[in-house]
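Asker: could you work out the structure for the sequence below:
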Amino acid sequence: MRAPKSLLDPIRHATIRTQLLLIALVPALLTEIGLVAYFSQQTIAAAERELADRAGNAARHLAASLPYALISGNDALLASVLATERASSGLAYALVVDPSSHVLATAGEVPATAAPPHNTLVRQQPIRVSGPDLRDEFSLAAGEPRRDTLGTVVVGVDLSGVTDTKRRTLLHAAALVALALALTTVLGWRLSNRLTGHLRHLGAAVGRITRGDLKVRAEISAGGEMGKLAAGINHMAETLDAHQGELQARIRAATASLAAKKDEAERANVAKSRFFAAASHDLRQPMHALSLFVAALKARNRQPEIEKLIDNVEASTAAMELLFNALLDISKLDAGVIEVSRCHFPVQKCFDDIRSQFAPVATEKGLRLRIRPTAAYAHSDPLLLERILINLVSNAIRYTDQGSVLVACRRRGSALQIGVWDTGRGIPAAQQDNVFQEFVQLANPERDRSKGLGLGLAIVSRLGRLLGHRIDLVSEPGRGSCFSILVPIGSPALALPAITASTPPAAIEGALVVLIDDEEAILVAMAELFDDWKIDLVAARSVADALHELDAIGRTPDIVVSDYRLPGAATGLDAIARVRAHFQAAIPAVLVTGDTSAETIQRISQAGFPILHKPLRPARLRALLTHLIRHPRQPVG
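Answerer: Predicted coordinates:
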């Protein structure tokens, strides 16, 4: 039977010395206790048998000696025999009763009750005549005793002697156990001291080896297993010492190689980042100017035959802008500059926006867009969650050739599962993790721009991690897919009231905007665009030129619009600071950049200025300018 774990735990965690002592003491102690108990029991049993034999012999001897005294009626002889036998046999008492249970004679202190005391051993023996009773059993009257039975002798023996024997035996047994335990303890202690001493010495040697002292050697002062262990430790130290130099040389060589490769990889990564940032900026500059020229051309065109050509140019520009904006979203998410604003809001609001945006697209493709109404509330960022759903619905429509797309919300415990189901082509199980990577499109090997860019699900994955929402995918090739997101349940009581439509912003004609950009084409395109909007513009390639022209006309600008990258080491942040300091006013400002690097995006976000990325949409620029002009300017503190 196994001992309980709670009882064995202290033994398992005890020191080696304690365990050795227990190994030595426990079996010895159990053996000693068993032997002492056995022999003590034998001694006590022998004493009890001797006392019982003495009482029986005395009773038999009296039964043989008393018939004459009883037959003759000699009471003095009867008492004398009883006293003599009591003294010679060491009896506590002796008495004789007749067949009618009358006491005829006694010797010693006879107990007053019929029951013998608990510390007295009693024996009885009938007293019979030596000759036979000639009457048979059938001639005796009922209840009449036999004539050959003269009475009964009763003797009692005091058991206090046996009790004393037991006490002495137990004391001797305890003394023997204590002596054996002491001897075993001393022997086990000496043996454990010797063994633990060897182990401490070997442990110290191993500890010095682990700390790098490979010159240490263990002393071989014992034979057997301990000696072999010490020899093994010494051999290990010698082997380690022999190879230490070689290992250190290899480590130094490997470290140098890794450091060189790390430096090379870091230089390559920095060069790649610089190339990507420079290429992105340089590509966005002409794209930015192109979009401005297209907007100005479309506003001034009066010839119907050129309108279609302008629309085609605008569509191509919009496609390139879509790619740049998707790359920008990836950069923003990687830079960690997108802030999450959680609130309680109705999910149906997102569903209504998705219906208005994608119902015409689905109808044009011959699909049925089904959005199941819901009264559920979610606790998340409504704008970022809607962005996730927009990307999922857009993908579902793009890769579904026939059937329908369903958007629905179901409760799952303490969360909402918002899913987008489609009857499209499906995704093989081996590719389901890859579809969340950038530029992965399973059904677009020719890179058809109309089929998307392969960035939608990458943005979904990053937004899900940013919000802390789990994105799940279940798909079967040929039958369709289901993308779902788990969102915490919101509370209607904590939801903000719906914002009513406000009064349209006032017109911004006549406002003065200062534009700082080192690209001549952008300055010309902006001038054309602002002229169409009837906004006064001071366009300059540097902040010094801008301040000179503003001083010449004697006006304080309403807004500063600056490119982030300017000639030399200056940035748009420096230009805005100089304009504000010059006019001693906190003039609203907008930064425009084609740089998508995470560092640049983070720096601008920390400065707190609105940011527009090239190529920008003219309508978005005008909306931002209108919003900023309506806010009062504050003096610089």
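
Asker: helices of the stretch 251-400 of the chain, residue ranges please.
Answerer: Remark: helices assigned in the stretch 251-400 of the chain by DSSP state H, counting those that start in this stretch are 304-335, 347-364, 382-398.

Asker: can I see the domain layout of the chain?
Answerer: Following automatic domain parsing, the chain resolves into domains at 11-129+147-213, 338-494, 512-629.

Asker: end-to-end on the shortest one?
Answerer: Domain 512-629 has its terminal residues 10 Å apart, counting by C-alpha to C-alpha, to the nearest Å.

Asker: so where's the stretch 1-150 of the chain uncertain?
Answerer: Scanning the stretch 1-150 of the chain for pLDDT under 70 picks out 1-25, 28, 113-118, 130-148.

Asker: all helices of it, in order?
Answerer: Using DSSP H, counting those that start in this stretch, helices in the stretch 1-150 of the chain cover 5-12, 16-65, 67-72, 75-89.

Asker: what's the closest of the ones you listed to residue 573?
Answerer: helix 5-12 (66.1 Å; C-beta to C-beta). In this view, the C-beta of every residue, glycine as well, is placed from N, C-alpha and C.

Asker: hang on, the earlier thing: and the helices of the stretch 1-150 of the chain: which comes nearest residue 612?
Answerer: helix 5-12 (68.9 Å).

Asker: on that earlier part again, rank the helices of the stretch 251-400 of the chain by mean pLDDT and give me the bottom one.
Answerer: Lowest mean pLDDT of the helices of the stretch 251-400 of the chain: helix 304-335, a mean of 63.

Asker: residue 477 is nearest to which of the helices of the stretch 1-150 of the chain?
Answerer: Proximity to residue 477, assessed across the helices of the stretch 1-150 of the chain by C-beta to C-beta, is greatest for helix 5-12 (53.7 Å).

Asker: can you list the low-confidence ranges for the stretch 451-600 of the chain?
Answerer: 451-456, 496-507, 596-598.

Asker: quick one on the thing from earlier: distance to residue 247 and mean neighbour count for the domains of the chain - can I get that in a markdown table?
Answerer: A markdown table is the format used below for the domains of the chain (distance: least, C-beta to C-beta, whole Å; neighbours: other C-beta atoms under 10 Å):
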| stretch | distance to residue 247 | mean neighbour count |
| --- | --- | --- |
| domain 11-129+147-213 | 12 | 15 |
| domain 338-494 | 40 | 17 |
| domain 512-629 | 41 | 18 |
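
Asker: redo the ones you listed as a markdown table? Include distance to residue 309.
Answerer: Putting the domains of the chain into a markdown table (distance: least, C-beta to C-beta, whole Å) gives the following:
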| stretch | distance to residue 309 |
| --- | --- |
| domain 11-129+147-213 | 80 |
| domain 338-494 | 19 |
| domain 512-629 | 18 |
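
Asker: select, out of those domains, the one closest to residue 307.
Answerer: domain 512-629 (16.5 Å).

Asker: for the helix or strand encompassing residue 590, which outside residues touch it?
Answerer: Taking DSSP states H and E as the definition, one finds residue 590 inside strand 589-593. Contacts of strand 589-593 with the rest of the structure, by C-beta atoms under 8 Å, 6 or more residues apart in numbering, involve 281, 288, 517, 559-565, 572-573, 576, 579-580, 600, 604, 607, 609-614, 616, 624-625, 628.

Asker: of the residues you listed, which belong to helices?
Answerer: Members of these lying in helices (criterion: DSSP state H): 281, 288, 572-573, 576, 579-580, 600, 604, 607, 624-625, 628.

Asker: mind putting those residues into TSV with distance to residue 98?
Answerer: Formatted as TSV, the ones in helices among the contacts of strand 589-593 follow (distance: C-beta to C-beta, whole Å):
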residue	distance to residue 98
281	140
288	144
572	140
573	137
576	140
579	145
580	141
600	133
604	132
607	132
624	138
625	143
628	139
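
Asker: coming back round to it: pairing partners for the strand holding residue 590, with directions?
Answerer: strand 559-563 (parallel), strand 611-613 (parallel) (DSSP bridges).

Asker: related to what we said a few turns ago, tell me which of the domains of the chain lies nearest to residue 248.
Answerer: Of all the domains of the chain, it is domain 11-129+147-213 that lies closest to residue 248, at 10.8 Å by C-beta to C-beta.

Asker: just how off-centre is the closest one within its chain?
Answerer: 65 Å (C-alpha atoms, centre = their mean, to the nearest Å).

Asker: also stretch 584-593?
Answerer: With C-alpha atoms, centre = their mean, you get 49 Å for stretch 584-593.

Asker: over to stretch 351-363?
Answerer: 43 Å.

Asker: send me that stretch as PDB with only the CA atoms.
Answerer: Output of stretch 351-363 as PDB, limited to C-alpha atoms (Å, rounded to 0.1, in the frame of the first residue of the first chain):
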ATOM      1  CA  PHE A 351     -24.800  47.200 -41.600                       C
ATOM      2  CA  ASP A 352     -26.800  50.200 -43.100                       C
ATOM      3  CA  ASP A 353     -23.600  51.800 -44.300                       C
ATOM      4  CA  ILE A 354     -22.400  48.500 -45.900                       C
ATOM      5  CA  ARG A 355     -25.800  48.100 -47.600                       C
ATOM      6  CA  SER A 356     -25.700  51.600 -49.100                       C
ATOM      7  CA  GLN A 357     -22.100  51.100 -50.300                       C
ATOM      8  CA  PHE A 358     -22.200  47.600 -51.700                       C
ATOM      9  CA  ALA A 359     -25.800  46.900 -52.700                       C
ATOM     10  CA  PRO A 360     -25.300  48.600 -56.200                       C
ATOM     11  CA  VAL A 361     -22.000  46.800 -56.700                       C
ATOM     12  CA  ALA A 362     -23.500  43.400 -55.900                       C
ATOM     13  CA  THR A 363     -26.600  44.100 -58.100                       C
END
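
Asker: residues touching that stretch, excluding its own?
Answerer: By C-beta under 8 Å, 6+ apart, stretch 351-363 touches 368-369, 371, 373-374, 386, 389-390, 393-394, 397, 405, 407, 409.

Asker: and these as CSV, adding distance to residue 586?
Answerer: Below are these laid out as CSV (distance: C-beta to C-beta, whole Å):
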residue, distance to residue 586
368, 53
369, 47
371, 45
373, 47
374, 45
386, 33
389, 38
390, 36
393, 42
394, 40
397, 46
405, 48
407, 45
409, 45
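
Asker: does residue 216 belong to a helix, a strand or coil?
Answerer: Secondary structure, DSSP: H, G, I helix; E, B strand; the rest coil: residue 216 is coil.
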